[in-house]
Every structure is written in structure tokens, then in C-alpha cells.
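[1] Fold the following and give me the result.
(4 chains)
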Amino acid sequence: MIEYIPFIAVVAMILIGLYAVVFRRNLIKIVIGISIIESGVNLFLIMLGYREGGVAPIFTSLPPGTTYPPEMVLPVPQALTLTSIVIGVAVLALMLSLVMHIYRKYGTLDVRKIRRLKE
Amino acid sequence: MFTLESGSGFWNPILWILVLLITFLLFYGIRGFGKSTYKKGTEQTKAFLSGNKEPSPEEMHIKASNLYWGFTTSMKSLYSVLRKMHTGNTSDYILWFVLVLAVLLLILGVM
Amino acid sequence: MTVLEALLQHSPALIIAIPLLSAFLLPLVSRIHAKVRDVFALVMLGVTSCFVGLLASDVLSHGPRIYIFGAQNLRVPLVRILFEVDSMGVFMAIITMMLAIIAVIYSWSFLHQEDGLDKYYTLLLLVVTSALGMELTGDIFNFFVFLEISCIASCALIAFWVTEGEALEAAFKYIVVSSIGALFVLFAIGIFYAQYNALNIATLAHLLLFTFLDKIALVILLVSLGMKAGLAPMHMWLPDSYGRAPPSIVLIIMSATLASFYGLLRVVFTFYGNVLTTSLRFSLPAHVVIGWILIALAIVSILIGVIMALVQTDLLRLIGYAAVAEIGYMFLAVGASIAALGTSYATVALQGGVLHILNDAVDIGLLFLVAGAIYYVTKKRSLDDLSGLARTMKFTTVFFIIGLLAVAGMPPLNGFTSKFLIYESVYQLNPILSIIALLGSILLLAIFVKVLYAAFLGPELPGLKDVKEAPKSMLLAMGFLAGLAIFIGLFPNLLLDTLVKPAVSALLDHAQYISMVVGGL
Amino acid sequence: MDVRALSEIGLRIVFGSLGLAAFGIFFGLVYKGIDRKLSAHMQGRIGPPFRQPFRDVAKLFVKENIVPDHAIPWIFNLIPLVGLIGTLSILVYLPLGGFPPLFSSGGDLIVVLYLLIIPSLCLVIGGFSSGSPYAIVGAQREMATMIAYEFPFAILVITIAWNLLQKGVTEVFSFSTIASTPVWNQVAGPLGFIGFAILLVVLLLVTPAELSKIPFDSAEAETELAGGLLVEYSGRNLAMFYLTDGVKTVVMASIIVALFFPYNLSALLGLGTYEGMIIDVVFFLFKVFLVVLFSVTLIRVSIARLKIDQIVYTYWIPLTLASLVGLILVMWDSVIMNFFTTA
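    Okay, the predicted model is just below:
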């Protein structure tokens, strides 16, 4: 059971994020919601990197005589997560700057009032 | 070679263009026999409004949003629903995404 | 090895590298002179197109190619980034380059009074890079990265007219929608990695078992890429952002949208190609279910697109809705070909759908350019304020009429060729599909005849008396697309045989795509 | 492709299109005259002589060709001609009498369905470009009518093709295929027969709208719109539209004949080549006459003009439903007959 807890956390984070995006009115909270979804997905990726009894993927510290032990953990998920975090930062910054400009033009952060484009 | 074949039918644009060209030449010639002149600047070049005085262009102009009145009127109930659907609210856009996701998950989950 | 061979060998990398590097060089170049910057952007795109052409001719004659980034002899399997280029990817890359070059030529005149153009061209090149990357990559995580790049860069471009609140609103909607879509794509990638320990498309496709998790991943990929491609009812960001972005940018965003559509094709045909025929419950094969899901969404797209476009008054927004309908046609063809996988008309439908990608790019692109020209000379968005432009803008009128007939699928223009293939194949699956497609076409005609009347015909309004014809570079861009529309319409087989049929067979032949990587390493 | 085949195709194109143009124009005007005479008699009038349409055209050619101030001259003048040649080009794909289509593999039913849009589209653009409020109102009504009737029409076309496909026929959209396998012979039982009968009625009701005749002529509406989209046209431009109208009648009637009554007498009577040809052509002209009589003359003398939203409603709700019922009956036809034969 305990090994499923992280996955439950992932799903919960994604659902919380979606809830914030769909039901919260403040633009900043929507941005926070997206950020939570992103953290959830990142957590998911990190979790996939865990191998029980794994060896760090450093070739110099391998046991002598072995070249590629099967228990060596591939660093792929970590690399993916780093990339994803970097992208997330860019998206976050862009979204927040847009929110700032929108506040200047519309005078509000209520998502229900920011809808001149409709129908 | 020039015929587009779909397995159920065919379409040859070149042939059609040639037929069009020939008939165009023929009827352009025939049209040339007709009288081409008219009295410019007289009453006859004004828009025909059953004898009423011609209003200014702004008043006479029929706006684009009034076009297809007949169609939109007979489809009024459909339009009121569809226009309401596009709320312009960002949250609703994501709600649609979540809804479609849920429905498809349900369909493929059952299958 | 001659220089040409070396260039050819590294062309997949160069196609990504050149626009990416020139994007960041551009602010430096623009310090010299504005003209130099404009020419630099065009020349770099031209060089990239040359590489795309080189790669295309090679792929079309010698079959798909892989390009490996990084160590060639690493013994750990498949920890590297692969580019796998087949005829479908090349076809999409050609469309992207065409749209990019036309957008740059159009921008010269269209935006010459604006400032911030060095950033504009940088972002433009970044979107082009991302679209090309999505089309050429053979690695699913790489696909996600390019998808995110296209989100960020497109969003910044939509907000180009930052002084208008509506542009900001559209950009915010776009980034929320597409970043959530992209995050879900990443989630699906995580699901794949968790099960198969691989990120390579071919390897994954080879290993895929169609477990329950794979079904979830498929749904997530279908819905998020469908949203990015503008599939109804998740289309709402599309008219909003297409209607508010500068029209030159719409072409670029459209190339990113079409790249997402390509991603969806890749997912269904290549990723799930091995398992499409597995029987689900009720002894329904998986491809029938997936195909009919896509068809249902496609029909909704066509109908919503045309019905909503009919009542729009903002010209750019109206064309945005028409673009939704056109996307619906592509999905209709693809859905029908998936549902009827293996029959001869499925291939015809897919050919129609793939050809329609190009036709959509040409037709909708042309209409956006014309709308941009109208906006440029009148500074008016609403159709209600326009009238009688045909007196002064003769060329633009002719281009618009060509675009109008093409997008409505009137013979002998290009829209007809692909729609013809779609009508005459999907009716075999169910006659209703062709009927709705025909109906959508006639409504598209009505919509654009309304635009023709409102903008070009009708009496001359006093406020529009001193309107001039659009500048030359804009006319050149429009003329090129209009010429292409006529050319494809008159010689459909030329294009169908050289580009579309190989692309379709590359899509359908997933075994070859897989064996390129799995067998070769 | 060698020179001989090429020159043969060239001759076919030149003489075929010229001959068909003459045929279309002549019989278009003839049927117009017959229609006017008959409807006059039905209304208790004497009516004009049969050759009146020819006189009308001749008269229009000597009248002034006025281009109004608010019109856009280059579109205003070009559109009538484009409409006429577009309509004439449809004849190339239709089987006429005992003769197969001139270019049987150059275009099919879907192409013809699209080409049929051209005359209406040209009327619409011509009306819009004349810059008169009456013409603009008329033009938008014509466009709305076109959207309306295209839905049942599309259902009908696709149903016919689909039914042929189910019977194992290939190239089902081709006119030569459709003419050689009449729909009535391709039904398994009474359901299919009823289905096609419903579709035939729908098609006969689509025809007056396609030809802008009463009760679906709210686009021209002499009484309230003073001629609607043609109000500003005069002289030779109006003559072009007049001819288009005549040719359109022949085209539409020939399509109905080709889809539903492609039978010929010569094979039945066992006549030789030349007598057979003549008999077939005469029989074809008679069938066209019947179609014009039932779907144009009879309807237009007996019903009053509908409002534009009524037209849209009529086509989109009752007639679309009727044609969908027809489609469903045709789809179930073979299923149910198979059920009976196997049970």
C-alpha cells in the first residue's frame, strides 16, 4: 500500500490543480493551479526514476569488472524533470507577466470579467 | 494523368477549364453584339428605389450583421445555445477539456 | 564524402539548428539595420527550406532516415535523442517552411511601423523551430519540449499588440489552454516511461501492449493534442487567439497547430499502430472505437465552426471559426480512415485528409492575409464598418475571391481536390458523414460570400474613400498563396503522387517506422 | 499520348462544348416559352407566344447596358457571363438523350453538385455588386435559399451513390454508371422503393428553389423587392442572366432524368442506330418537359411565395427529415429483405 501513496499524491495534485483552474476566479490562483498540476506531473516523473536497490549511474564508481549493471538507475527521469521545471519556470513567468498586463487593462483579476472575447 | 480519381468518381480540372475557356470566348463574342453604351450621369444610373429619393451611402448600406437574417431567424434556438456555450471564460475552456477527457476515459475504460 | 553529402547527412540537425541559432542572433543583427534584420530572417528561413528540400528529396527516394544526436556507440540502449524523418514528417516540414516564409515576407510591410520587431522575428523563428522539431523528432519527450517551446513563443506573439486588452486576454487563454494540454502530454509520456522504460517513439510503438494505462495515455494524448489542434468542443481558444493575433502571426501559429495535428496522427498511426486491431469488449476492434470518437468530434467541429462563423462580425475571428471547421474536415478524414482501417477507401480518405492539411494552410492562410491587408489599410476589424473596397483594392479582391472559393471547396481550386477525396470516401463508412461535410462546405461558401459583400462590394462609404491598395510585399505573399491554390487545384495529381501518397503510406506502414530503429540498433 | 488522341480530345472539347452550348441555350428558351404558355393557360390567361423568350433575348441585346453608380463595374459586368458559361459547362457531364456524357470520366455527381452552385453564386455576387438595397436583400435571400436546399439535395445524392455501392457497383458517382443502373432496378424490396420515391419528391421540390421559381423565389420577389437581385441589371448583362436561367432549367431537369428516369425507348422498341437516336432524343425532351411541368409550372401556379425564413425552415426541417427517412428506408431495404429471405 505504502508504495502507492506517491502516485495517489500525484493524482491528487493534478486534480487540485485542475480544480483551481476551473473553479477559482482569481487569475493568480489559476496560475497557481497550473503550477500545482506541473508539480504533480514532475513528482510523477521523479517517482518513475526510483528503482529499488539501484546503483547511481556514475561509471567511475561502478563495482570493478562490471560495465553496465542492470540495477544501474538511468538518469532519464531526473533529466526530464529538470527540463520540465525549466520550461515550467518560463511558462510561469510569461503567465504572471500577462496577468500583470491584463490587470492594467481590465482593472480586475476576476476571470469571469475578463471575457471581451466571447460568442 | 490530369484526372483525380477517388475510386468512386473522378474530376478533371483541365478539361473543365478548357470547356469554360471555349464557351467564354463564344459568349464574350456574342455579348459583344449587344449594346454597350448608356447615358452616364443621368437619373438611370441611380439605384432603383421604387421612385423614392436615394439616401446617403451610410443609410443605404446594409450591414454585414444584418445579412442572412432569414437563416439566423429560423435557427434562433440553435444560436442562443451555441453563443452561450462560448462564454469567453478561461476556466470554462479547461472545463470542456476536462469533460471531453472524462467522457473519452469512460468510453475507453468501459471498452 | 562531398560537402553536399555531409550536409545531407546532418540536415535533420541543421533544420532545427539554423532557425534556432538565427533566432538568437537576430537581436544582434537588428542592431545593424532594420532592413538587414528583415532580410536575415528571410535568408535563414530560405536556407532552412533548402535543407528541408534536400532532406525531402532524399527521404522520398530512399525511405525514412534516422539521425542520432550524441554518442553513436553507447551500449546502454536508447538513451539518446533520435530524429526519425519519414515522408509524413517531411511533408509537414514543407508546409511549415512555406507558411513561415510567407509570414516573413508579409510582415515586412505589415508591421513596418511597429517597434519590438527584433523580438517579433526571434519569436517567429522559435515557433518555426518548434514546429519543425515536432515534425521531425523521433523521441516523445523531445516532442513535448518542442510543444512547450511553441506554446511559449506563440503566446508571446499573440500578445504582440500588447496595448490592446483583448490581445492579452487571448494570449492568456492560449497559454493556459496549451500549457495544461502540454502538461497532460507530459503525464502521458510518464505513463509510457513507467511501463516500458523508453522514450523513443519507435521503441515504444514496438513494445506497446495496450494495457489499461496505455488506454489512459491514448485518451490523454488524443484530447490534449486535439485541443492544441483546435478540435471542438475544445476549440474556443482558437477563434479568440486567431482573431486577436497579428494576421502574419496567425500563419505561424497555424503551423504549430498543424504540427500538433501531425503529432496526433503520429500517436494514432505509429504509436498505437501495432495494437489498433486488438479487439476490445463487444468484439469491437480498437480502431473502430478510436475512429468513431474522432469522427464524432470532427462533426461537432465542422458544425460549430461554420454555424458560429456565420454570425461573426469581426473578420479575423470569423476566419478563426472557419479554421475550426477546416480542422474538422481533417479530423473527419483521419477518423474515417482509422475506423475503416485496411479498406481501400480508408487510404483515399487519409490521402484527402493529409492533402487537406496543405490546403487548409494555403486557404485559411490566404484569407488571414487578406483580412490583415484590410486591417492594414482601414484599421477596422468589424465587417459592419467596411464597404466597397473592391473599387480600390482590386488585387486584394481577386485574392480574396480565390481564397473564398478555395476554402468553400469550389472547383477548380485546391479546396475542392481534398474535399472531393473526403466526400467520395467517407460516405462508404456512413453516408451521413459525407452529407455533413457537403453541408459544411456550402455554409463556408455562404460565410465568405457575406465577407465578400461586407468588405469588398456594396456602396462606397465616405470614411473609406482614400483607401489605397495594400503594399507590394503583402500582395506578393497573398499572390503566392493564391497561385498555389490555383496550381494545386489544377494539377492535384502532381502533388498527390509526389508528396501525399508517400506521406500516407509512411503513416500506414508503422512497421517500417519501427524497424528503422528497433532493427537497426 | 500521341498527337492523334490529343487532337481527337481537342476536337471533342471544341465542338462538343459549342454544340452543347447551342443545345442548352435553344432548349432552355424553348422550355421557358412552354412554361410561360402553360402557366398562363392554367391561370386562365392567353399568355405570350412560345417564341417570346427568343424575342426577349433579342430585345435585351439592343437595350442600354446600364452600370449603376454604386456598382463595382468590373465585377458587375463579368459575373453574368461567368454564370452563363459555368452553367453551360455542367452539360458536358450529363447524359442527354441516348448519348452518354461528352466527358464521362471528367467529372461526376459531386462535381455537378458543386457546379450547380455557380449560377446561384453568380446571381448572389452580381446582386451584391450592384449596390442597390433591393438587390442586396435579394442576394442574401438567394444565398440563404441555397444553404437551405443544399442539405436535402446532398442527402439525396449521397443516398443514390451509397445504394449503388451496396449493390456492388464501382465508380458509383459517375453519371454513366448511374444512367446504366437506374435506381428503381437497384432496390431489393418495397422499403427501398418507397425511400427512393420520397427522395424523388424531395428532388422535385428542390428544383424550383434551385431555379428560383415561385414559391421559392423570394430572392427576386417582383412584388416587394422589384426584381430583387436583378433589379439593377439591364441590356446584355440581363440577357446573360436570362439565358442562364433557361440553361439552368435544362440542366436541372436533365439531372433529375439521369438520376431517376434514365430509361431509353430505342432498346425497348429494337430500333436501328439513327431512328433509335432520334427517338431517344425526342423521348428525353419529353421527359425533361414532364419534369419542368411538374416541378416548375404546376408548383408555381398553385402555391404563393414563401417568406425567406419559411423557405429555410421548409428545407431544413420537413424536407431534410423526409430525405433522411428516405435514406434510412434505403439503408434498411436490403437488410430487411435479407432477413425475410433467410428466415
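
[2] Now tell me which helix or strand of chain B has the poorest mean pLDDT.
    helix B:57-60 (a mean of 70; mean pLDDT, DSSP states H and E).

[3] The stretch 101-250 of chain D against chain A: which residues are in contact?
    Residues of the stretch 101-250 of chain D lying close to chain A (C-beta under 8 Å from any C-beta of the partner chain): none. All C-beta spots, glycine's among them, are computed from the backbone N, C-alpha and C.

[4] Closest residue of the stretch 101-250 of chain D to chain B?
    Residue nearest to chain B within the stretch 101-250 of chain D: residue D:236 (2.9 Å; C-beta to the nearest C-beta).

[5] isn't there a strand covering that residue?
    No: according to DSSP: H, G, I helix; E, B strand; the rest coil, residue D:236 belongs to no strand; its state is helix.

[6] just to revisit the earlier point, quick one: the least confident helix or strand of chain B to chain centroid distance?
    Going by C-alpha atoms, centre = their mean, to the nearest Å, the spacing between the C-alpha centre of helix B:57-60 and its chain's C-alpha centre is 23 Å.

[7] list the helices and strands that helix packs on?
    Helix B:57-60 sits against no helix or strand, with contacts defined as 3 or more C-beta pairs under 8 Å, 6 or more residues apart in numbering or on different chains; DSSP states H and E.

[8] Could you pull up the mean pLDDT of the helix or strand hosting residue C:61?
    Taking DSSP states H and E as the criterion, residue C:61 maps to helix C:34-62. If you average the pLDDT over helix C:34-62, you get 91.

[9] Might you enumerate the residues of chain C proximal to chain D?
    Within reach of chain D by C-beta under 8 Å from any C-beta, chain C has these residues: C:388, C:390-391, C:394, C:397, C:409-411, C:416, C:420, C:423-424, C:427-428, C:431, C:434-435, C:438-439, C:442-443, C:445-446, C:449-450, C:452-453, C:456-460.

[10] Residue C:353 contacts residue C:327, doesn't it?
    No: the criterion here is C-beta atoms under 8 Å, and residue C:353 misses it with residue C:327 at 10.8 Å.

[11] Tell me who's in contact with residue D:68.
    Counting by C-beta atoms under 8 Å, 6 or more residues apart in numbering or on different chains, residue D:68 touches B:45-47, D:76, D:130-132, D:232.

[12] coming back round to it: so which of the residues of chain C next to chain D sit within helices?
    C:394, C:397, C:416, C:420, C:423-424, C:431, C:434-435, C:438-439, C:442-443, C:445-446, C:449-450 (DSSP state H).

[13] ok, residue D:122 touching residue D:80?
    Yes: taking contacts as C-beta under 8 Å, residue D:122 lies within contact range of residue D:80: 7.0 Å.

[14] you'd agree residue C:276 is in a helix?
    No: applying three-state DSSP, one finds residue C:276 to be coil, outside a helix.

[15] Now residue C:421. Nearest residue, chain neighbours left out?
    residue C:352 (3.1 Å; C-beta to C-beta, 6 or more residues apart in numbering or on different chains).

[16] wait, the one you found sits on residue C:416?
    No: the pair residue C:352 / residue C:416 is not scored as a contact, 11.0 Å apart, by C-beta under 8 Å.

[17] okay, these two: which has more neighbours?
    Using other C-beta atoms under 10 Å in any protein chain shown as the criterion, residue C:352 and residue C:416 rank with residue C:352 on top: 31 against 27.

[18] and the closest residue to chain A within the stretch 151-300 of chain D, how far is that from chain C?
    Nearest residue of the stretch 151-300 of chain D to chain A (C-beta to the nearest C-beta) works out as residue D:151 at 24.5 Å. Taking C-beta to the nearest C-beta, to the nearest Å as the measure, residue D:151 falls 5 Å from chain C.

[19] who's in contact with that residue?
    Contacts of residue D:151 by C-beta under 8 Å, 6+ apart are C:435, C:439, D:315-316, D:320.

[20] farthest pair in these?
    Comparing every pair within the contacts of residue D:151 by C-beta to C-beta identifies C:435 and D:315 as the most remote, at 13.7 Å.

[21] any idea how far stretch C:166-182 is from the chain center?
    With C-alpha atoms, centre = their mean, you get 18 Å for stretch C:166-182.

[22] And the residue of chain B closest to chain A?
    Of all residues in chain B, residue B:88 sits closest to chain A, at 2.9 Å by C-beta to the nearest C-beta.

[23] actually chain C, not the one I typed
    Residue nearest to chain A within chain C: residue C:165 (3.4 Å; C-beta to the nearest C-beta).

[24] Can you give me the distance of that residue to residue A:100?
    Distance of residue C:165 to residue A:100, given as C-beta to C-beta, to the nearest Å: 13 Å.

[25] before we move on, what about residue C:247?
    26 Å.

[26] mind listing what the residue of the stretch 201-343 of chain D found nearest chain C touches?
    Closest to chain C within the stretch 201-343 of chain D is residue D:327: 6.4 Å, counting by C-beta to the nearest C-beta. By C-beta under 8 Å, 6+ apart, the contact list for residue D:327 reads C:431, D:155, D:158-159, D:195, D:199.

[27] Pull the most distant pair out of those residues.
    Farthest apart among those by C-beta to C-beta are D:158 and D:195. That separation is 13.1 Å.

[28] how about the helices in the stretch 51-200 of chain C?
    Remark: helices assigned in the stretch 51-200 of chain C by DSSP state H, counting those that start in this stretch are C:87-110, C:117-136, C:140-158, C:165-196.

[29] wait, which of those helices is closest to chain B?
    When the helices of the stretch 51-200 of chain C are compared by C-beta to the nearest C-beta, helix C:165-196 sits nearest chain B, at 5.1 Å.

[30] if we can go back for a sec, comparing residue C:247 and residue A:100, which residue is more hemmed in?
    For residue C:247 and residue A:100, the more surrounded residue by other C-beta under 10 Å is residue C:247, and the numbers stand at 27 against 13.

[31] residues contacting that one?
    With contacts defined as C-beta under 8 Å, 6+ apart, the neighbours of residue C:247 are C:106, C:110, C:316, C:368-369, C:371-372, C:375.

[32] Return the member of these nearest to residue C:188.
    For the contacts of residue C:247, the minimum distance to residue C:188 (C-beta to C-beta) is 31.7 Å, reached by residue C:368.

[33] relative to helix C:87-110, how tilted is the helix or strand harbouring that closest one?
    Using DSSP H and E, residue C:368 sits within helix C:344-378. Angle of helix C:344-378 versus helix C:87-110, following axes from the mean of the first three to the mean of the last three C-alpha atoms, to 10 degrees, is 10 degrees.

[34] Let me see the mean pLDDT of helix C:344-378.
    Mean pLDDT, computed over helix C:344-378, is 92.

[35] That helix: which residues count as buried?
    Using 16 or more other C-beta atoms under 10 Å in any protein chain shown as the test for burial, helix C:344-378 gives C:345-378.

[36] now check the next helix or strand after the least confident helix or strand of chain B, is it near chain A?
    Next along the chain after helix B:57-60, taking DSSP H and E as the criterion, comes helix B:69-74. No: between helix B:69-74 and chain A, judged by C-beta under 8 Å from any C-beta, nothing touches; the nearest distance is 13.0 Å.

[37] Only C-alpha atoms, please: export helix B:69-74 in PDB.
    The C-alpha trace of helix B:69-74 is given here as PDB (Å, rounded to 0.1, in the frame of the first residue of the first chain):
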ATOM      1  CA  TRP B  69     -31.500  37.400 -41.500                       C
ATOM      2  CA  GLY B  70     -33.700  34.700 -42.800                       C
ATOM      3  CA  PHE B  71     -31.300  31.900 -41.900                       C
ATOM      4  CA  THR B  72     -30.400  33.100 -38.400                       C
ATOM      5  CA  THR B  73     -34.000  33.700 -37.600                       C
ATOM      6  CA  SER B  74     -35.100  30.300 -38.400                       C
END
